[in-house]
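>>> Generate a structure from the sequence data that follows.
(2 chains)
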Protein chains: 2
Amino acid sequence: MDKGRKTRNHILRESRRLFTANGFQQTSISQIIAVTGVKKGNLYYHFPSKEELGIAVLLDAAEEFSAILDRSLTGADPIRKIIHSCQAIMELMRQTHFAGGCLFGNTALEMSGTNPRFGKILQDVFGNWTEKLQAELQRAKNSGQLNCNLTVESLAVSIVAILEGGIMLSRVYENQKALEHCILTIKTLLDPEQT
Amino acid sequence: MDKGRKTRNHILRESRRLFTANGFQQTSISQIIAVTGVKKGNLYYHFPSKEELGIAVLLDAAEEFSAILDRSLTGADPIRKIIHSCQAIMELMRQTHFAGGCLFGNTALEMSGTNPRFGKILQDVFGNWTEKLQAELQRAKNSGQLNCNLTVESLAVSIVAILEGGIMLSRVYENQKALEHCILTIKTLLDPEQT
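Numbering: from 1, shown residues only, chains lettered A, B, ... in the order given. Got it, this is the predicted structure:
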């Protein structure tokens, strides 16, 4: 990787950490400069404004999350794939001790109403996630594995909502139990017999 | 109501609106002064610091939410009570067009990690809400109305999580569909036959 690309990635990762922990608006450019050790001119060479940096951090995190989702949607059948992907999200959160929660959920609550560019990226992140789940749910329904009166759309939206709400609660309570309860509920929704 | 109490309530309501829409940290004392028309000295007479004002706003909103919950937990049986309370939350959100979302969810993501006093109030808000649901679920289980493999604790935590996640998604998408899907899922969890 060339030096410019390395610097850009370094700024993106450190900024993501700060945005996740403290929010976009509470993070200052001077904090980012202090944490990354990158000179102001160099930072502005890569990202002409704080808004551009925020957009780039969200897009970078969205790309990574999409790849994690694809990798974690593995298993013998669609239901196991979805449950496996929920467990991968639990693992992600555990790695950070739920300290910052979910960057997308946080930014949604902080920025989606006030900045339409941020709002659009968040719609895409949650929309793509929902679509991937919905495709697996449709396969499970078609094969007769899923017996649920809900539409696959209702189920897919609700799985995203339970996980995001569970991450928020686990952050508030400072332990992983809330998200564990939520994942058990998802299992029950998908396969009432097996819980 | 005496004049001092009226002023205090006026400050609390307007500050709540600003905190919900823009976050606690992004709201400045001068904004609150501009919106309320209350003089700086008078504001500080009622609330000695921005943190104290934030705490008072959360406690005031928590008391109101608890009363709304109690009033909305009505119906012929525990399951109908819970569903009715979910619909009351939908109604609350509809009144504000999902613009600010949930003050508690927002503040949880913004402040619970960095300010332990805020964190404690949020733990109480979500804890009390969960306990009220859990008590109804236990009654439903005892009477044989609830047939679900999940513990009442898992179910209660998950209902709070689905609603909070659904409010967040409805805010991102700027329409009420996500929360509607979530409420359908709660109905299915509580009464799989009737959906």
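
>>> is any part of the helix ranked longest in chain A close to chain B?
Using DSSP state H to define each element, chain A has its longest helix at helix A:116-142. Yes - against chain B, helix A:116-142 shows contacts by CB under 8 Å from any CB of the partner chain at A:119, A:122-123, A:126. For the C-beta atoms, the positions are set from N, CA and C on the backbone; glycine is no exception.

>>> So which other helices or strands are in contact with that helix?
Contacts defined by 3 or more CB pairs under 8 Å, 6 or more residues apart in numbering or on different chains; DSSP states H and E place helix A:116-142 against helix A:50-72, helix A:78-95, helix A:103-111, helix A:152-173, helix B:152-173.

>>> Could you confirm whether the helix-or-strand element of chain A with minimal mean pLDDT reaches chain B?
Ranked by mean pLDDT, DSSP states H and E, the helix or strand of chain A with the weakest confidence is helix A:103-111, at a mean of 83. Yes - residues of helix A:103-111 contacting chain B under CB under 8 Å from any CB: A:105-106, A:108-110.

>>> Alpha carbons of stretch A:126-141, as CSV, please.
What follows is stretch A:126-141 as a C-alpha-only set of coordinates in CSV (Å, rounded to 0.1, in the frame of the first residue of the first chain):
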residue,chain,number,x,y,z
PHE,A,126,-29.8,-0.6,7.2
GLY,A,127,-31.5,-1.2,3.9
ASN,A,128,-28.8,-3.5,2.5
TRP,A,129,-28.6,-5.4,5.8
THR,A,130,-32.4,-5.9,5.8
GLU,A,131,-32.4,-7.0,2.2
LYS,A,132,-29.7,-9.6,2.9
LEU,A,133,-31.7,-11.0,5.8
GLN,A,134,-34.9,-10.9,3.7
ALA,A,135,-33.4,-12.9,0.9
GLU,A,136,-32.4,-15.6,3.3
LEU,A,137,-35.8,-15.6,5.0
GLN,A,138,-37.5,-15.9,1.6
ARG,A,139,-35.3,-19.0,0.8
ALA,A,140,-36.2,-20.4,4.2
LYS,A,141,-39.9,-19.8,3.6
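
>>> so where's chain A uncertain?
A:194-195 (pLDDT under 70).

>>> got a list of what A:Q123 touches?
By CB atoms under 8 Å, 6 or more residues apart in numbering or on different chains, A:Q123 lies in contact with B:172-173.

>>> thinking again about what came up before, relative to the whole chain's centre, how far out is the longest helix of chain A?
Averaging C-alpha positions (CA atoms, centre = their mean, to the nearest Å) puts helix A:116-142 12 Å from its chain's average.

>>> cool, stretch A:143-155 as well?
24 Å.

>>> Pull the residues that contact it.
Against stretch A:143-155 from outside (CB under 8 Å, 6+ apart): A:77-79, A:130, A:133-134, A:137-138, A:140-141, A:158, A:189-190, A:192, B:181, B:184-185, B:188, B:192, B:195.

>>> just stretch A:69-86 next, same as before
With CB under 8 Å, 6+ apart, stretch A:69-86 has contacts from A:87-89, A:129, A:132-133, A:136-137, A:139-140, A:143, A:145-146, A:159, A:163, A:183, A:186-187, A:190-191.

>>> Check the residues you listed for burial and list the buried ones.
Those of the contacts of stretch A:69-86 that meet the buried threshold are A:88-89, A:129, A:132-133, A:136-137, A:139-140, A:146, A:159, A:163, A:183, A:186-187, A:190-191, by 16 or more other CB atoms under 10 Å in any protein chain shown.

>>> residue at max distance from the center of chain A?
A:G41 (30.8 Å; CA atoms, centre = their mean).

>>> Mind giving me the packing neighbours of the host helix or strand of that one?
A:G41 belongs to helix A:40-46 when assigned by DSSP states H and E. Here helix A:40-46 touches helix A:3-22, helix A:29-36, going by 3+ CB pairs under 8 Å, 6+ apart.

>>> Turn those into CSV, columns for mean neighbour count and distance to B:K3.
Shown next, in CSV, are those (neighbours: other CB atoms under 10 Å in any protein chain shown; distance: least, CB to CB, whole Å):
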stretch, mean neighbour count, distance to B:K3
helix A:3-22, 17, 39
helix A:29-36, 15, 43
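
>>> Between those, which one is closest to chain B.
Set against chain B and scored by CB to the nearest CB, those come closest in helix A:3-22, at 7.1 Å.

>>> Just say helix, strand or coil for A:G113.
Under DSSP: H, G, I helix; E, B strand; the rest coil, A:G113 falls in the coil class.

>>> Excluding chain neighbours, give the residue nearest to it in space.
Closest residue to A:G113 apart from its sequence neighbours, by CB to CB, 6 or more residues apart in numbering or on different chains: B:A99 at 6.2 Å.

>>> picking up where we left off before, what's the angle between the least confident helix or strand of chain A and helix B:3-22?
In terms of direction (axes from the mean of the first three to the mean of the last three CA atoms, to 10 degrees), helix A:103-111 departs from helix B:3-22 by 130 degrees.

>>> and for helix A:103-111, what are the contacting residues?
A:16, A:19-20, A:23-25, A:54, A:57-58, A:61-62, A:65, A:100, A:118-119, A:122, A:125-126, A:164, A:167-168, B:23, B:101, B:105-106, B:109-110, B:168, B:171-172.

>>> Narrow the residues you listed to just the buried residues.
A:16, A:19-20, A:23-25, A:54, A:57-58, A:61-62, A:65, A:100, A:118-119, A:122, A:125-126, A:164, A:167-168, B:23, B:101, B:105-106, B:109-110, B:168, B:171-172.

>>> Tell me which residues touch A:Q138, please.
Here A:Q138 is in contact with A:V152 (CB under 8 Å, 6+ apart).

>>> Swap in 10 Å and give it another go.
For A:Q138, the residues meeting the contact criterion (CB atoms under 10 Å, 6 or more residues apart in numbering or on different chains) are A:78, A:146, A:151-153, A:155-156.

>>> can you check A:L12 too?
A:36, A:46-47, A:53, A:56-57, A:59-61.

>>> tell me, how many neighbours does A:E153 end up with?
16 (other CB atoms under 10 Å in any protein chain shown).
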